[in-house]
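**Q** Make a model of this:
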Amino acid sequence: MTTIVWDGKILAADKQVTNADSGHGITTKIFRVNGSLVAGAGSADVFSSLLHWYINGAIEEDFPSIQADTNDATFMVISPEGRVMFYNRTPHPMIIENEYTAMGSGRDYALAALHLGCDAVKAVQVACEFDVYSGRGIDTLTL
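**A** I've put the predicted structure just below:
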């Protein structure tokens with residue numbers, strides 16, 4: 001549960017960790033890996049497995065079986081060229097062609113903010129105001 005936003009230039013994410021409906025921790029959810037930007041929402045352990053898989057070459061045969069079985073996380077990769085890819089149940093990404101995108105429990109608030117002209121940082125700020133599962137600061141990365 002989180003809010004992660006890509007506005008075509010900036011990747012922004014809240015920092016809240018939620019466990020048993022209590023926002024009690026702080027973590028980083030976006031990273032730079034081999035020139036790409038990566039982000040994850042959902043179960044932290046599944047995201048960690050996906051991140052490890054990607055860091056180690058994103059080899060198809062090594063795709064985390066826990067993700068294939070549960071689909072408990074969404075993993076976003078933004079290539080150095082700005083191509084946006086979502087990995088869900090398989091090592092084969094869905095290509096997102098939108099100008100901007102968002103994921104996580106605060107997604108709808110963030111998309112509305114983007115639609116109204118906000119950048120990624122402001123969109124995450126808006127989502128944090130309304131989504132109880134998002135908050136505790138914002139991290140940003142640019143290509």
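**Q** what secondary structure does T2 sit in?
**A** Three-state call for T2 (DSSP: H, G, I helix; E, B strand; the rest coil): coil.
**Q** Contacts only, for the closest residue to it other than its chain neighbours.
**A** Distances taken as C-beta to C-beta, 6 or more residues apart in numbering place G104 nearest to T2, at 3.9 Å, with adjacent residues excluded. All C-beta atoms are positioned from the backbone trio N, CA, C, and that covers glycine. Neighbour list for G104: 1-4, 14, 41-42, 74, 133-134 [criterion: C-beta atoms under 8 Å, 6 or more residues apart in numbering].
**Q** Go again with 10 Å.
**A** Neighbouring residues of G104 by C-beta atoms under 10 Å, 6 or more residues apart in numbering: 1-5, 13-14, 29, 39-42, 74, 76, 110, 124, 127, 131, 133-134.
**Q** in stretch 58-69, what counts as buried?
**A** Buried positions in stretch 58-69, judged by neighbour count with 16 or more other C-beta atoms under 10 Å: 58, 63-64, 67.
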